[in-house]
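S.K.: generate coordinates for the sequence data below:
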Amino acid sequence: MKLHHEYSRFLQHTLYCILYTAHFLGEYMADKQVSLLLFEVEGKKLLMDIADLVEIIPIQNITRLPNAGKNIAGMTNYRGEVIGVFNAAEILAVPKKNKGHKSIIVVKYNKDKFGIPSNRVHEVVYLPAASIKSGKAELNKEELQVISLKDFTF
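M.R.: Here you go, the predicted structure:
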């Protein structure tokens, strides 16, 4: 009977430790900050997780593909590798303003690299993870869309 009592106390202590750790991690995650790239597509400011960022390169020749859908801008050479370039304005339903792209944001999603043309890359901003809700975040009293690379798939 004594062994059963000691085992029961051990289980209670273990459960207490697990609950305390979960509570601590919950508080930690609420305070955790994420690093986001602030950039523009057709004048609309957007945010994306910099963990997905490979490199920002100057705009270069994008070869249009025959019969490609509106979501695909074409293909380009990135350091000897051919990568797809998406039409972010079309995918994100941003009205075209013909602002002229100045750079290509090269990203990696799963194992694939692809490009997102941008009119302007501003800076890296740091926001609390808890402040990003439903793909939106507030920055300087302005609500911005946080893009998901899941939207950019072939």
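S.K.: can you give me the helices for this protein?
M.R.: Taking DSSP state H, the helices of the chain run over residues 2-31, 88-91.
S.K.: and those, which one is worst for confidence?
M.R.: Lowest mean pLDDT of those: helix 2-31, a mean of 52.
S.K.: so where is this structure shaky, pLDDT-wise?
M.R.: The chain contains residues with pLDDT under 70 at 1-31, 153-154.
S.K.: tell me the domain ranges of it?
M.R.: Annotated domains of the chain cover 1-31, 33-151 [automatic domain parsing].
S.K.: and among the ones you listed, the most buried is which?
M.R.: By mean neighbour count, with neighbours taken as mean count of other Cβ atoms under 10 Å, domain 33-151 ranks first of those at a mean of 15. All C-beta spots, glycine's among them, are computed from the backbone N, C-alpha and C.
S.K.: wait, doesn't residue 57 sit right on residue 106?
M.R.: Yes - here residue 57 reaches residue 106: they are 6.2 Å apart, a contact under Cβ atoms under 8 Å.
S.K.: got any residues that touch both of the two?
M.R.: residue 78 (Cβ atoms under 8 Å, 6 or more residues apart in numbering).
S.K.: what pairs with the nearest residue to residue 113 once chain neighbours are set aside across the strands?
M.R.: Nearest residue to residue 113, sequence neighbours excluded (Cβ to Cβ, 6 or more residues apart in numbering): residue 83, at 5.0 Å. Per DSSP bridges, the residues bridged to residue 83 are residue 76.
S.K.: I'd say residue 83 and residue 106 touch.
M.R.: Yes - Residue 83 is within contact range of residue 106, at 7.0 Å (criterion: Cβ under 8 Å).
S.K.: shared neighbours, these two?
M.R.: 113, 114, 115.
S.K.: Throw the residues you listed into JSON lines and include distance to residue 99, thanks.
M.R.: Shown next, in JSON lines, are the shared contacts of residue 83 and residue 106 (distance: Cβ to Cβ, whole Å):
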{"residue": "113", "distance to residue 99": "24"}
{"residue": "114", "distance to residue 99": "21"}
{"residue": "115", "distance to residue 99": "17"}
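S.K.: restricted to strands, list those.
M.R.: Judged by DSSP state E, the subset of the shared contacts of residue 83 and residue 106 located in strands is 113, 114, 115.
S.K.: before I go, just wanted to say thanks for your time.
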